[in-house]
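[1] Mind folding the following:
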Amino acid sequence: MFTPQATRTRVLIVDDSSFMRMAIRSILSKDPSFDIVGIAADGMEGVEKAIALKPDIITMDVEMPRMDGIAALKQIMSKAPTKIIMVSTLTNEGAKATFEALDAGAIDYIPKNVTDSTDAQNIFRQELMRKMKEAVASRFIRATPSSTGFVARPATPVTPYQRPSVSKFSGKKIHYVGIGASTGGPVALQEVLSRIPVNFPYGIMVGIHMPKAFTGPYADRLNAKCSMAIREAVDGDVLKPGLALVAPGGVHTTLVRQGGNIVVKVLPTSNYPQYVYIPSVDLMISSMAEATNGSMLGVILTGMGNDGFKGMQLLKQKGGVTIAQDEATSTIYGMPKACVDGGVADEVLPLGQIGFEISKFM
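    This is a model prediction of the structure:
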């Protein structure tokens with residue numbers, strides 16, 4: 001059935017590659033909920049059309065002549081704020097540019113991996129449609145400057161959270177922290193981890209849905225912006241005080257106990273075909289809850305779907321402590337909502353409070 005014009009999502013495509021413009025247009029045109037209102041071949045034209053056409057969502061290439069995607073994004077956010085999905089190359093440089101774009105206000109990104117391979121084309125098609133649907137459902141959260149870069153702020157006014165001097169979890173003992181996130185997660189995680197001091201006495205494991213080429217540069221970026229040491233995890237790593245490890249993309253990460261240590265085990269996705277999201281937050285937190293016998297804090301941040309709920313459920317059964325991000329500050333209130341609705345969140349907090357709350361366990 002044809003979707004009425006008034007309810008269709010208006011899309012502007014900005015890319016210097018005619019092949020990519022045609023590919024994105026072809027994919028989105030097959031869905032009647034999207035209306036392609038404009039095409040631009042570089043950032044400068046993209047800014048002009050964003051202002052003139054007022055689209056609901058823009059797909060923005062990163063590398064373009066005259067004006068690149070980052071510069072165009074910043075101008076659009078200043079002159080005509082719009083939901084923007086970056087289209088990035090699967091390279092180290094592409095990853096760095098993507099995180100800069102997310103800091104500056106892009107809502108999400110999609111890796112550009114369209115080749116002659118039918119499998120690669122199908123993956124790109126599926127990812128583009130998924131990201132576009134998530135963008136439609138998301139809250140429009142603009143980025144505002146902070147001492148650590150850019151911090152996500154809600155589009156609508158929210159009553160300031162009054163931080164209590166004493167934690168609700170006073171008396172609770174933990175030895176590790178596990179954090180999961182997806183859409184909106186790169187900026188949210190930076191906000192949370194930047195609030196944790198360098199002498200934090202517990203090891204932290206982070207799982208975020210991100211491709212293989214991106215997790216290393218993302219960990220490096222966090223390490224440069226936060227007080228504590230942060231790096232991408234490798235098989236055999238030990239969770240140590242004052243260290244945060246980011247689960248590598250493209251594979252699953254589990255935690256196991258070896259003697260007195262909690263150790264990272266990296267496993268191929270074929271070992272766990274039941275998990276749709278990669279790396280799986282459910283698998284990471286569930287294994288961590290088992291390895292620590294519940295002596296940990298689980299945190300679920302913004303993201304689509306319900307990945308993390310089963311892990312948090314097991315953690316609660318084992319006596320662990322749990323926090324979920326609130327709806328007002330979540331880009332996508334899916335993953336945290338699943339935990340709240342499922343009754344496994346001990347505390348529901350705005351993004352700006354979560355890092356401080358974790359720090360109270362010192």
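[2] In this structure I57 contacts A106, no?
    No - the pair formed by I57 and A106 falls short of the contact definition of C-beta atoms under 8 Å, at 11.0 Å. Every residue, glycine included, has its C-beta placed from N, CA and C.
[3] Find the residues that touch each one of those two.
    Taking C-beta atoms under 8 Å, 6 or more residues apart in numbering as the contact rule, I57 and A106 both touch I84, I85.
[4] These two - which one has more neighbours?
    Under the criterion of other C-beta atoms under 10 Å, the comparison of I57 against A106 puts A106 first, with 27 against 23.
[5] quick one, phi psi at that one?
    Dihedral angles of A106 (phi, psi; degrees, to the nearest 10) stand at phi -60, psi 140.
[6] Surely it is in contact with M86?
    Yes - contact between A106 and M86 holds when scored by C-beta under 8 Å: they sit 5.0 Å apart.
[7] any shared contact partners between the two?
    Contact criterion C-beta under 8 Å, 6+ apart; residues bridging A106 and M86 by contacting each: M60, L73, T98.
[8] any chance of those in TSV, with distance to G260 and neighbour count too?
    What follows is the shared contacts of A106 and M86, written out as TSV (distance: C-beta to C-beta, whole Å; neighbours: other C-beta atoms under 10 Å):
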residue	distance to G260	neighbour count
M60	49	29
L73	47	27
T98	39	27
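[9] What strand or helix carries M44?
    M44 is located in helix 43-53, with elements delineated by DSSP states H and E.
[10] Enumerate the positions of that helix that are buried.
    By neighbour count, and taking 16 or more other C-beta atoms under 10 Å as the criterion, the buried residues in helix 43-53 are G43, M44, E45, G46, V47, K49, A50, L53.
[11] Outside of it itself, list whatever touches it.
    Counting contacts by C-beta under 8 Å, 6+ apart, the residues touching helix 43-53 from outside are 10, 12, 14, 37-38, 40, 55, 58, 60, 64, 66-69, 71-72, 75-76, 79-80, 82.
[12] Make a PyMOL selection of the buried ones in these.
    In PyMOL syntax, the buried subset of these is picked out as below (16+ other C-beta under 10 Å):
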select buried, resi 10+12+14+37+38+40+55+58+60+64+67+68+69+71+72+75+76+80+82
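[13] In helices, which of the contacts of helix 43-53 fall?
    Counting by DSSP state H, the contacts of helix 43-53 place G69, A71, A72, Q75, I76, K79 in helices.
[14] Show me which of the residues you listed is closest to A219.
    Nearest to A219 among the ones in helices among the contacts of helix 43-53: G69, at 22.9 Å, using C-beta to C-beta.
[15] Adding pLDDT, write the ones in helices among the contacts of helix 43-53 out as TSV.
    Formatted as TSV, the entries for the ones in helices among the contacts of helix 43-53 read as follows, by pLDDT from 0 to 100:
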residue	pLDDT
G69	92
A71	95
A72	96
Q75	95
I76	96
K79	93
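[16] Which of these sits closest to E327?
    Sorting the ones in helices among the contacts of helix 43-53 by distance to E327 puts I76 at the head of the list, at 26.1 Å, by C-beta to C-beta.
[17] thought the closest one was touching I58?
    Yes - in terms of C-beta under 8 Å, I76 counts as a neighbour of I58; the distance is 7.1 Å.
[18] Find residues that contact each of those two.
    With C-beta under 8 Å, 6+ apart as the test, I76 and I58 both reach G46, A50, T82, I84.
[19] Turn those residues into CSV, columns for distance to G305 and pLDDT.
    As requested, the shared contacts of I76 and I58 are arranged in CSV below (distance: C-beta to C-beta, whole Å; pLDDT from 0 to 100):
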residue, distance to G305, pLDDT
G46, 30, 96
A50, 29, 97
T82, 24, 94
I84, 22, 95
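[20] okay, the residue nearest to F99 when sequence neighbours are not counted: pLDDT?
    For F99, ignoring the flanking residues on the chain, the nearest one in space by C-beta to C-beta, 6 or more residues apart in numbering is R221 at 5.3 Å. Predicted confidence (pLDDT) at R221: the value is 94.
[21] what helix or strand does R221 sit in?
    Here R221, judged by DSSP H and E, is contained in helix 212-225.
[22] quick one: buried residues of that helix?
    Buried residues in helix 212-225, counted by 16+ other C-beta under 10 Å: A213, F214, T215, G216, P217, Y218, A219, D220, R221, L222, N223.
[23] What does the closest residue to the last one other than its chain neighbours show for phi and psi?
    If I follow you right, that is N223. With sequence-adjacent residues excluded and distances taken as C-beta to C-beta, 6+ apart, N223 is closest to I230, at 4.2 Å. Per-residue torsions, I230: phi -140, psi 130 (degrees, to the nearest 10).
[24] and the gap between I230 and R221?
    Here the criterion is C-beta to C-beta, to the nearest Å. By it, I230 lies 9 Å from R221.
[25] In a markdown table: the shared contacts of I76 and I58, plus distance to K30.
    Formatted as a markdown table, the shared contacts of I76 and I58 follow (distance: C-beta to C-beta, whole Å):
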| residue | distance to K30 |
| --- | --- |
| G46 | 23 |
| A50 | 24 |
| T82 | 23 |
| I84 | 22 |
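[26] between those residues, which is closest to C339?
    Closest approach to C339 among the shared contacts of I76 and I58 (C-beta to C-beta): I84, at 28.3 Å.
[27] Show me the shaky parts of the stretch 1-150 of the chain.
    Applying pLDDT under 70 to the stretch 1-150 of the chain picks out residues 1-6, 114-116, 140-150.
[28] Right, I'll leave it there.
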